[in-house]
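Colleague: 3D model of this:
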Amino acid sequence: MIKTTTLHNGVRIVTQNIGYMHTVTTGIWVANGTRSEAPEDNGVAHFIEHMLFKGTERRNAQQITREIDSMGGILNAFTGHEYVCYYAKVLAKFLPRAADLLADIFLNSTFPPEEIERERKVVLQEIKMRDDSPEECIHDQFHQNFWQGQMLGMPVLGSEETIGGLSRTAILSHKSSRYRPQDIIIAAAGNVNHDELVALLAPLFSEISSPWQPLVNDRFPLPEKKICTTVREMEQTLVCLGTRSLRYDHEDRYALFLLTTILGGGMSSRLFQEIREKKGLAYSVYSYIVPHADSGALVTYAGTEKDHCREVIDIAQREMTRFVAEPVPQDELDAAREQLKGKTLMSLESSDSLMTRLAKNEIYLQKQQPIDDVLAHYDAVHSEDLQRVSRELFRSEFLHLEVMGPVAGMELSAGILGV
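Modeller: Predicted structure coming up:
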């Protein structure tokens with residue numbers, strides 16, 4: 001059962017009790033991420049995520065790590081373009097201790113100047129690590145170039161320049177103005193008692209406040225046909241071909257999920273079969289969706305030889321065109337439907353996934369959607385829906401191509417893009 005309590009200042013506490021589970025995952029979410037930063041402070045949301053583990057008035061950094069280890073638990077965090085999450089997963093009997101630990105680092109971190117300087121070096125190394133990973137790097141570059149000129153397109157980690165220039169004042173100012181109670185969601189799933197968790201956390205979170213700051217108007221314009229290349233000495237040439245997609249809560253999102261699954265969502269997908277199984281042009285090939293509150297992207301990826309790069313791009317476009325021109329056969333649609341329904345139901349066996357689902361429902365849907373409703377929406381999708389959505393998205397003027405590798409001398413002009 002899912003229960004929600006909203007404190008007088010707007011903080012929401014939402015739980016889902018699964019009595020047979022041994023664990024509880026509790027996350028404190030803030031519905032502000034990289035998209036809510038100032039350009040000169042790009043990366044500050046992620047930097048704050050790091051700093052909240054570096055000491056409070058009651059615990060230093062070593063005591064924080066020792067305490068979670070003493071419970072056999074996991075304490076971690078992650079930052080996205082539209083949210084930040086701090087979470088702990090522990091055995092149910094340790095929930096009071098874990099909740100106290102999470103609340104302490106979230107509310108009482110002291111941001112010691114010496115820790116800021118130490119963590120600045122760590123984040124700069126994280127940026128270098130991302131850049132040393134070609135596959136991670138090309139996806140990050142796709143996102144930046146697809147939403148170029150907007151905060152939505154700025155990297156979550158920031159840049160060496162912005163991280164190097166972050167002051168303690170800027171860090172504290174961002175946390176004060178963006179960690180607003182109305183944007184805070186505490187989600188917990190597993191063997192958790194809602195009333196007990198509220199009793200633990202309400203006294204700590206009910207009095208927090210934040211100076212209201214209007215968020216930057218960062219509307220998403222229609223993307224334009226674009227090709228971006230990065231010359232890099234590597235054995236493979238990496239390709240990301242994407243198009244505009246739907247916002248997170250769009251009514252056609254279930255058709256979009258099925259479309260993406262059929263296109264490149266597994267070993268039986270069209271791209272995998274054509275590019276890897278039939279032609280042997282790639283080892284890794286797949287498609288995925290990047291959903292945001294008001295926009296999105298559908299991206300296909302493959303790593304191939306330089307000499308086969310154009311062929312892979314052509315195959316991806318041909319498969320997009322096929323969705324527009326031909327209805328998906330019923331057996332293929334039914335198989336994709338069962339694949340998605342199975343993944344959805346299997347995710348319910350993890351308290352981590354359940355907790356994340358609770359929070360994202362609050363952030364993007366402003367309600368909790370029953371799982372039976374999700375499955376019913378998958379069942380309601382017809383082949384005509386896939387064709388209708390594909391006609392909206394698979395249009396040449398929306399295509400964005402990102403290529404990384406030994407691309408010098410390759411003839412890649414906008415003329416090769418057209419579905």
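
Colleague: show me which positions of stretch 327-338 end up buried.
Modeller: Going by neighbour count (16 or more other CB atoms under 10 Å), the buried part of stretch 327-338 is V328, E332, L333, A336, R337. No exception for glycine: its C-beta is placed from N, CA and C like everyone else's.

Colleague: check contacts around the residue nearest to the fourth one when sequence neighbours are not counted.
Modeller: If the residues on either side of it in the chain are set aside, A336 comes closest to T261, at 4.4 Å by CB to CB, 6 or more residues apart in numbering. Under the criterion of CB atoms under 8 Å, 6 or more residues apart in numbering, the contact partners of T261 comprise S269, A336, Q339, L340.

Colleague: does the last one touch L256 like I think?
Modeller: The one in question is L340. No. Judged on CB atoms under 8 Å, L340 makes no contact with L256 at a distance of 11.0 Å.

Colleague: so for these two, which sits in the more crowded spot?
Modeller: For L340 versus L256, neighbours defined as other CB atoms under 10 Å are more numerous around L256 (23 against 20).

Colleague: now do the contacts for the more buried one.
Modeller: With CB under 8 Å, 6+ apart, L256 has these contacts: S245, L246, H250, I289, L298, V389, L393.

Colleague: helix or strand for it, which one?
Modeller: According to DSSP states H and E, L256 maps onto helix 253-264.

Colleague: any idea how far H46 lies from L238?
Modeller: Noted for H46: a distance of 24 Å to L238, by CB to CB, to the nearest Å.

Colleague: tally of neighbours for Y20?
Modeller: A count of nearby residues for Y20, using other CB under 10 Å, gives 6.

Colleague: nearest spatial neighbour of it, skipping sequence neighbours?
Modeller: Spatial nearest neighbour of Y20, chain neighbours left out: N191 (7.7 Å); criterion: CB to CB, 6+ apart.

Colleague: that neighbour reaches T23, doesn't it?
Modeller: Yes. Using CB under 8 Å, N191 is in contact with T23, at 7.0 Å.

Colleague: anything in contact with each of the two?
Modeller: Shared contacts of N191 and T23 (CB under 8 Å, 6+ apart): A92.

Colleague: tell me where the model's unsure across the protein.
Modeller: Counting by pLDDT under 70, the chain has low-confidence residues at 212-223, 413-415, 419.

Colleague: domain boundaries for it, per the record?
Modeller: The chain is divided into the following domains under automatic domain parsing: 2-205, 226-416.

Colleague: save the ones you listed as TSV, and put in distance to P211 too.
Modeller: Formatted as TSV, the entries for the domains of the chain read as follows, by distance: least, CB to CB, whole Å:
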stretch	distance to P211
domain 2-205	6
domain 226-416	22
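
Colleague: can you pull out the helices in the stretch 251-400 of the chain?
Modeller: Counting by DSSP state H, counting those that start in this stretch, the stretch 251-400 of the chain has helices at residues 253-264, 270-271, 309-325, 330-347, 351-360, 371-379, 383-393.

Colleague: closest to E82 out of those helices?
Modeller: helix 351-360 (9.8 Å; CB to CB).

Colleague: what helices or strands is the closest one leaning on?
Modeller: The criterion is 3 or more CB pairs under 8 Å, 6 or more residues apart in numbering; DSSP states H and E, and the helices and strands that helix 351-360 contacts are strand 12-17, strand 23-30, strand 84-91, strand 184-190, helix 330-347.

Colleague: those: which one's closest to P155?
Modeller: Using CB to CB, the helices and strands packed on helix 351-360 put strand 84-91 closest to P155, at 15.0 Å.

Colleague: and the angle for that closest one with strand 23-30?
Modeller: Between strand 84-91 and strand 23-30, the angle comes out at 170 degrees (axes from the mean of the first three to the mean of the last three CA atoms, to 10 degrees).

Colleague: how about the strands in the chain?
Modeller: For the chain, the strands defined by DSSP state E cover 2-6, 12-17, 23-30, 74-79, 84-91, 184-190, 226-231, 237-244, 285-291, 296-304, 400-405.

Colleague: I'd say E224 and R395 touch.
Modeller: No. Contact criterion CB under 8 Å: E224 and R395 do not qualify, at 11.4 Å.

Colleague: tell me which of those two has more neighbours.
Modeller: Set E224 next to R395 and count neighbours by other CB under 10 Å: R395 wins out with 17 against 11.

Colleague: look up how far A359 lies from L241.
Modeller: 31 Å.

Colleague: from L258, how far out is the residue lying closest to S268 once chain neighbours are set aside?
Modeller: Of all residues not flanking S268 in the chain, A335 sits nearest, at 6.9 Å (CB to CB, 6+ apart). Distance, A335 to L258, using CB to CB: 10 Å.

Colleague: dump the helices of the stretch 251-400 of the chain into CSV; add distance to Y87 as well.
Modeller: Below are those laid out as CSV (distance: least, CB to CB, whole Å):
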stretch, distance to Y87
helix 253-264, 25
helix 270-271, 33
helix 309-325, 36
helix 330-347, 16
helix 351-360, 7
helix 371-379, 21
helix 383-393, 33
